[in-house]
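In: any chance you could fold what I've pasted below:
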Amino acid sequence: MLRRIKHTKLISVLYLIVVVCLFLNLSTISAEEWIGKKFMPKIEAKFIKGVKDDTKIPAEEILFPLIVSKIDGDLLLVGAGWIKKSHVIPLDDAISYYTDYLKTQNLLSSWAYMNRGIVWSEQKESSKAISNAINDFAWATRLNPYSSLAYHYEGLLWLSRREYDTAIMHFNDAIRLYPKNPMTYYYRGNANYSKGARYTPAYDRALKDYNKSIELDPKYSPAYHQRGMTWFTKGDYDKALKDYTMSIQLDSKDAYAHYNRGIAWSKIGKYNKAIKDFSKSIQLDPKFMLAYNARGNTWSKLGKYDKSIKDQTVAMRLDPFDVVIIVHRGNSWDLKGAYKEALLDYNKSVRLHPQRPDGYNGLAWLWATCPDIKYRDGKKAVEAGKKACEFSDWKEPNFIDTLAAAYAESGDFEQAVKYQKMLLKMLNESADKRDFEERLELYLAGKPYHRKKPEKLSK
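Out: Residues are numbered from 1 along each chain as shown. Okay, here's the model as predicted:
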């Protein structure tokens, strides 16, 4: 009996040593090292409204891991609330802290299991860590079936793994237990939005969730941003622009919101406004590859091919293996009249990604329709055009348009007419069909389609 008491005391002393060491480590952190770093709450942690307002904030309204945005004396601003410095642990030390607490203080702590599960969830590349997270969340909800947070974070885990139905199930439980958390509605909206690609009605469910998230927190910028993306996907660009603008007003440093608004501006032909947003996005994040590529594409639509190529070259440096960017630069070279350089990019795309259709389509279009006769080759165009259509499962109308042009260049107008009619049937009633119909008239008349030479190389 005496030995058991001594053993228990020893464990308690060891736990106290761990806590003291963590506190000493935190006390040496400079102000600059707090900002932007990730932490987790200790067991005794409490969240309050402000430096001079100690009204408690429910943990459901705080996002874990905690990210420090401001310091005031002994207090840290972490999202919507403040917490004492002595009540947090660095993310890297959190698993040891919660494990020691469970072993030495309270083996039945749902809070400790949940928080340790959150930390495991951060290690997304490790299958063992994910398995540990699932196990910890299971224990957390088993020990406390009313823990909305445990269901919320398990939902986030499944969302990150693209198991959208499972994620939605957990978010449903979290909302049932705590219906006032705007973030749960937001993330359930994200799960529904992600399902929308396979199940269109899910977009409407996503909108309802984003609406509720905004109703609960009218200043929650991510909800406006995602709702904007949903409107954009549904083709309502005006509503998308309105939501992107609101998101930017609430968080002007969100590079992605500026990028998406630029995409929306470009979609409705407001290219100069799109350029402005893409430029702001790049200013906020100089390594934002998508923004360089999008700005490059927009310069191309304005006929500024040198600027387009410059931006797309930067994008390629940031991601040398992205086939879309390589093809986009090839398109810019082609439109500029630099056909040799265009062919180099298209061939590079095919070499890097031999089963992606984009590069083949670029080759086929140039060989079939190039203004310069020395680059036209109907036979090669048909071969490349077929591959583009096959690798896209014959679902891309523009690729079928290219194949029709390739057959016309090869002299097989029967096949050219066949495929041109096929693509026209694939288009929506609201689509602009004029160019496609004009090419069909050429093929019916036994004439190939050749593009006009660029009038002037624009800078």
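In: hmm, who's touching stretch 100-118?
Out: 11-12, 14-15, 18, 40-41, 43, 64-65, 94-95, 98-99, 132-137, 139-141, 143-144, 147, 149-150, 153-154, 157 (CB atoms under 8 Å, 6 or more residues apart in numbering). Where you see a C-beta, it was placed from the backbone N, CA and C, and this is true even at glycine.
In: that stretch: how far from the chain's middle?
Out: Mean-position distance between stretch 100-118 and its chain equals 33 Å (CA atoms, centre = their mean, to the nearest Å).
In: got it, and stretch 260-273?
Out: When distances are taken as CA atoms, centre = their mean, stretch 260-273 is centred 19 Å away from the chain's centroid.
In: show me where the stretch 101-250 of the chain has its helices.
Out: Ranges of helices in the stretch 101-250 of the chain, per DSSP state H, counting those that start in this stretch, are 110-121, 127-143, 148-160, 164-177, 182-195, 201-216, 221-233, 237-250.
In: give me the angle between the third one and helix 110-121.
Out: If I follow you right, that is helix 148-160. Using axes from the mean of the first three to the mean of the last three CA atoms, to 10 degrees, the inter-axis angle of helix 148-160 relative to helix 110-121 is 20 degrees.
In: now helix 148-160: mean pLDDT?
Out: Averaging pLDDT along helix 148-160 gives 97.
In: do the last one as well
Out: For helix 237-250, the per-residue pLDDT values average out at 99.
In: which parts of it are buried?
Out: Going by neighbour count (16 or more other CB atoms under 10 Å), the buried part of helix 237-250 is Tyr237, Lys239, Ala240, Leu241, Lys242, Asp243, Tyr244, Met246, Ser247, Ile248, Leu250.
In: and Pro454, how many neighbours does it have?
Out: Pro454 has 15 neighbours, counted by other CB atoms under 10 Å.
In: likewise Ile373?
Out: The number of residues packed near Ile373 is 7, by other CB under 10 Å.
In: one more: Pro218?
Out: If you count neighbours by other CB under 10 Å, Pro218 ends up with 12.
In: and the gap between it and Lys37?
Out: Distance of Pro218 to Lys37, computed by CB to CB, to the nearest Å: 29 Å.
In: now swap in Asn132 and tell me
Out: Per CB to CB, Asn132 is found 23 Å from Lys37.
In: do Ser148 as well
Out: Ser148 sits 27 Å away from Lys37, going by CB to CB.
In: swap in Ser410?
Out: Distance from Ser410 to Lys37, counting by CB to CB: 62 Å.
In: more crowded one of the two?
Out: Set Ser410 next to Lys37 and count neighbours by other CB under 10 Å: Ser410 wins out with 21 against 16.
In: didn't that one look like it was pressed against Ala384?
Out: No: counting by CB atoms under 8 Å, Ser410 does not reach Ala384; the two are 11.8 Å apart.
In: contacting residues for Ala388?
Out: Ala388 neighbours (CB under 8 Å, 6+ apart): Pro357, Asp358, Tyr360, Asn361, Ala364, Glu396, Phe399, Thr402, Leu403.
In: quick check: the first one touching Asn398?
Out: Which is Pro357. No: checked against CB under 8 Å, the pair Pro357 and Asn398 is beyond contact range at 10.1 Å.
In: secondary structure element holding Lys387?
Out: According to DSSP states H and E, Lys387 maps onto helix 378-391.
In: show the average pLDDT along that helix.
Out: On average, the pLDDT along helix 378-391 is 99.
In: thanks a lot, see you next time.
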